[in-house]
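Engineer: Return atomic coordinates for the entry below.
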Amino acid sequence: QVQLVESGGGLVQTGGSLRLTCAASGRTYRVDVMAWFRQAPGKERELVAAIRWSGSYTYYTDPVKGRFTISRDNAKNTIYLQMNNLKPEDTAVYYCAARDPLKNYYDSWGQGTQVTVSS
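Structural biologist: From the prediction side, this is the model:
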């Protein structure tokens, strides 16, 4: 399995920016896609953005397109989520996840980092 540690969450005002970081360790050679999910109180966890460990493929959910950017540093086994123009509806716990292509689902998760956007 892969160990994931997130950092970078916090409290920011509407329109502000934050950058989340997820450092991976362990069996990273078993990962094909890394992603950021979020879960707001009373809501289901949702996929926010994803990136392939190699190549140029990225995915964004519609509400964050044009505001969030996912990127990776393969040498550091790290992915990032740059979040700009934050809105109160972005408030949630953000989780980093890794997908094992043999299982075809996200089987490794970080502990989560809180992002709070005040209006």
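Engineer: quick one: the strands in this protein?
Structural biologist: Along the chain, the stretches classed as strands by DSSP state E are 2-7, 10-13, 18-26, 33-39, 46-52, 58-60, 68-73, 78-83, 92-100, 105-109, 113-118.
Engineer: Could you list every helix and strand in contact with the second one?
Structural biologist: I take that to be strand 10-13. When contacts are defined as 3 or more Cβ pairs under 8 Å, 6 or more residues apart in numbering; DSSP states H and E, strand 10-13 sits against strand 113-118. Every C-beta, even on glycine, is put in place using the N, C-alpha and C of the backbone.
Engineer: Tell me how far the strand it packs on lies from the chain's centre.
Structural biologist: Centroid displacement of strand 113-118 relative to its chain, using Cα atoms, centre = their mean, to the nearest Å, is 13 Å.
Engineer: swap in stretch 65-79?
Structural biologist: The gap between where stretch 65-79 is centred and where its chain is centred comes out at 8 Å by Cα atoms, centre = their mean.
Engineer: The residue most central in space within the chain: what's it in contact with?
Structural biologist: Taking Cα atoms, centre = their mean, the centroid of the chain lies closest to Trp36, which sits 2.2 Å from it. By Cβ atoms under 8 Å, 6 or more residues apart in numbering, the contact list for Trp36 reads 20, 22, 47-50, 70, 79, 81, 94-97.
Engineer: and the gap between it and Ser119?
Structural biologist: When Cβ to Cβ, to the nearest Å is applied, the distance between Trp36 and Ser119 equals 23 Å.
Engineer: Next: Tyr105.
Structural biologist: Distance from Tyr105 to Ser119, by Cβ to Cβ: 36 Å.
Engineer: Same check on Lys103?
Structural biologist: Lys103 sits 40 Å away from Ser119, going by Cβ to Cβ.
Engineer: on that earlier part again, among the contacts of Trp36, who's most crowded?
Structural biologist: Cys96 (28 neighbours; other Cβ atoms under 10 Å).
Engineer: Now do the contacts for that one.
Structural biologist: By Cβ under 8 Å, 6+ apart, the contact list for Cys96 reads 4, 6, 20, 22, 24, 34-36, 79, 109-110.
Engineer: for those residues, which one is nearest Lys43?
Structural biologist: Nearest to Lys43 among the contacts of Cys96: Trp36, at 15.5 Å, using Cβ to Cβ.
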